[in-house]
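Undergrad: Have a look at this prediction, sequence included:
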Amino acid sequence: MVPRRLDAIALRDWVHRSVDELIAHTDEINRLNVFPVADADTGTNMLFTMRSGCASTDSAAGSDVVTVAAALAEGALTGARGNSGIILSQILRGLADVIAGAAAEREQLTEIDGAVFASALRHAVALVVTSIGENVEGTITSVLQAAATAAEDAADAGHDLAGVVACGADAAAAALEDTTRQLDVLAEAGVVDAGGRGLLVLLDAMTTTVTGRVTERRTYLPAERTSGPAATASAAPQFEVMYLLRGCDHAGVEALRERLATLGDSIVIAASGGGDHYSVHVHTDDAGAAVEAALDLGAPSRIQITSLAGGAARPAAGWSRDRAVLAIVDGDGAEELFAGEGARVLRRHGDTAISAKHLLRAFVDTGAARVMVLPNGFVAAEELVAGCTAATGWGIDVVPVPTGSMVQGLAALAVHDAGRQAVDDGYTMARAAASARHGSVRVATEEALTWAGMCKPGDGLGIAGDEVLLVGDDVAAAGAGLIDLLLTSGGELITVLTGAGVDDSVGEALQDHVHREHLGAELVTYHTGHLGDALLIGVE
């Protein structure tokens, strides 16, 4: 396979791939987490930090590689979670700084080459060491240094970007193995460094992005242990304190670092790319004092205080809101329609099936602790169950609402009320979906015998469930006949969703039909542009 250029599009692809891979490896990384505090949240914090950067790149104004990299770094810093999250933000800032510098030097930069990538890793080392105030062997810093050195050597030897990235990732893997021997707490626990493992996930994601090849790594599992410091309770600080600090100069930052050193440990102070604000992190027994230490130096904001007691951290601690609705849809119009009604959207592309992995990523991306999911007929039952089960392990409560079509999904969404208890909301939405009788119209592609008689190519087939109930001369005729059948049991509101390639005249013909034949009924039409069925019709 020809290596891919790492331009703005590929950089965004890497960011999304990194989020997917961190989701897949978060549990593994969390189990390795014993340093600096065994709070089992390194993988979770790196994921949330990368998600924040990902959201920033998706909304960035501009499509050049400099803009995308800058948005990634800024989003990661402002949304950084934990010690590992701030360190990750500095690695991403290293990438953004070097790309911006190369663009200024060359006057134009459309893609990242091997030399720029290697320089970015080296600059990231300096930023990380500055932010934590020291270089501790056996941590993510050691893994990052090894990757930077190998990448620089590969670039100097004339390797292309793919070769530079692969060399850096392989060197990181080797350095990760060495962390167990470099840090006593890791040796006692029988683990490699958790942050270093997370960095390797990101480097391997970059390798896949530029080469198309997936690098297989062993699963890093903690050794069984029954004694030693890692197996017993330690006098760890009670709180993790984080905040953003604005209006503070370099001297103030150093003063703050000294103050925090008297209050706790795991101190990280990381600057934004513009140097106008800092992300502050400390583990301490006196959370109030850690915030007060900055009050005369600048303006703290986004203060987060998290208890480090009580065992492993659950991802649910980071959800930014209580409840969301996730709708699975097909078509540009459908995406706009459901999003306009307040739902988060997972879009099906072409005939690609929605997998449990797609669902889990979408659940996480809602940022909600509870998610009402509208499958809308696009998710196989086994994938839905697997995705919901996986989300439960992440601390997300998922309520699947039984919607077999997008028209049922719209009916359910219309009665959603985040102010109700989740069980009441789910029941109300499910009831609304069930009351929406629905069917579809499909264009016949060949001559065949159906339950409703013979059809020929071009005929419209009115379908409910799995049965063809009528055959019409065209889509409009079949749609009118299907509406008549669905209204047999009554109904006041008819919703018609038109698919890709369906002309506006079809909706107009159905509107005229309802006006003539069903006085008192209202018909609304949306062009969703979905594939497959020409029309989706619902009656309420």
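TA: On my side now, so go ahead.
Undergrad: got the residue ranges for the strands in the stretch 351-500 of the chain?
TA: For the stretch 351-500 of the chain, the strands defined by DSSP state E, counting those that start in this stretch cover 368-374, 397-400, 437-443, 448-450, 453-455, 460-464, 467-472, 493-498.
Undergrad: tell me what the last one is packed against?
TA: Translated: strand 493-498. Applying 3 or more Cβ pairs under 8 Å, 6 or more residues apart in numbering; DSSP states H and E, one finds that strand 493-498 contacts helix 406-414, helix 475-486, helix 504-517, strand 522-527, strand 535-539. (C-beta placed from N, C-alpha, C; glycine too.)
Undergrad: Give me the contact list for it.
TA: 333-334, 406-407, 410-411, 436, 479, 483, 486-487, 506-507, 510, 514, 518, 521-530, 534-540 (Cβ atoms under 8 Å, 6 or more residues apart in numbering).
Undergrad: From T306, how far off is N45?
TA: 10 Å (Cβ to Cβ, to the nearest Å).
Undergrad: Which one of the two is surrounded by more residues?
TA: N45 (30 against 18; other Cβ atoms under 10 Å).
Undergrad: Give me the phi and psi for the more buried one.
TA: Main-chain torsions, N45, degrees, to the nearest 10: phi -70, psi -40.
Undergrad: next one: stretch 46-63 to chain centre, how far?
TA: Averaging C-alpha positions (Cα atoms, centre = their mean, to the nearest Å) puts stretch 46-63 9 Å from its chain's average.
Undergrad: Could you export it as CSV, CA atoms only?
TA: In CSV, the C-alpha atoms belonging to stretch 46-63 read as follows (Å, rounded to 0.1, in the frame of the first residue of the first chain):
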residue,chain,number,x,y,z
MET,A,46,-6.1,10.2,28.2
LEU,A,47,-9.3,9.2,26.4
PHE,A,48,-11.3,12.2,27.7
THR,A,49,-8.4,14.5,26.9
MET,A,50,-8.1,13.2,23.3
ARG,A,51,-11.9,13.4,22.9
SER,A,52,-11.7,17.1,23.9
GLY,A,53,-9.0,17.7,21.3
CYS,A,54,-11.1,15.7,18.7
ALA,A,55,-14.1,17.8,19.3
SER,A,56,-12.0,20.9,18.8
THR,A,57,-10.6,19.8,15.5
ASP,A,58,-14.0,18.9,14.2
SER,A,59,-15.3,22.4,14.9
ALA,A,60,-12.1,24.2,13.8
ALA,A,61,-12.6,27.0,11.3
GLY,A,62,-10.1,26.1,8.5
SER,A,63,-8.9,22.9,6.9
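Undergrad: And the helices in the stretch 251-400 of the chain?
TA: 287-292, 332-340, 356-365, 381-393 (DSSP state H, counting those that start in this stretch).
Undergrad: Give the rounded mean pLDDT of the last one.
TA: What it means is helix 381-393. For helix 381-393, mean pLDDT is 81.
Undergrad: what's it in contact with?
TA: Residues from elsewhere that reach helix 381-393, judged by Cβ under 8 Å, 6+ apart: 27, 353-360, 363-364, 371, 373, 375, 379, 398, 400.
Undergrad: List the buried residues in it.
TA: 383-384, 386-388, 390-391 (16 or more other Cβ atoms under 10 Å).
Undergrad: by how many degrees do it and helix 356-365 diverge?
TA: On the basis of axes from the mean of the first three to the mean of the last three Cα atoms, to 10 degrees, helix 381-393 is oriented at 40 degrees to helix 356-365.
Undergrad: angle of helix 381-393 against strand 368-374?
TA: Using the same axes, to 10 degrees, helix 381-393 lies at 170 degrees relative to strand 368-374.
Undergrad: and if you look at the second one?
TA: Compare the direction of helix 332-340 with that of strand 368-374 by the same axes, to 10 degrees and you get 140 degrees.
Undergrad: Offset the numbering so it begins at 517, please.
TA: New numbering, starting at 517: the last item is helix 848-856.
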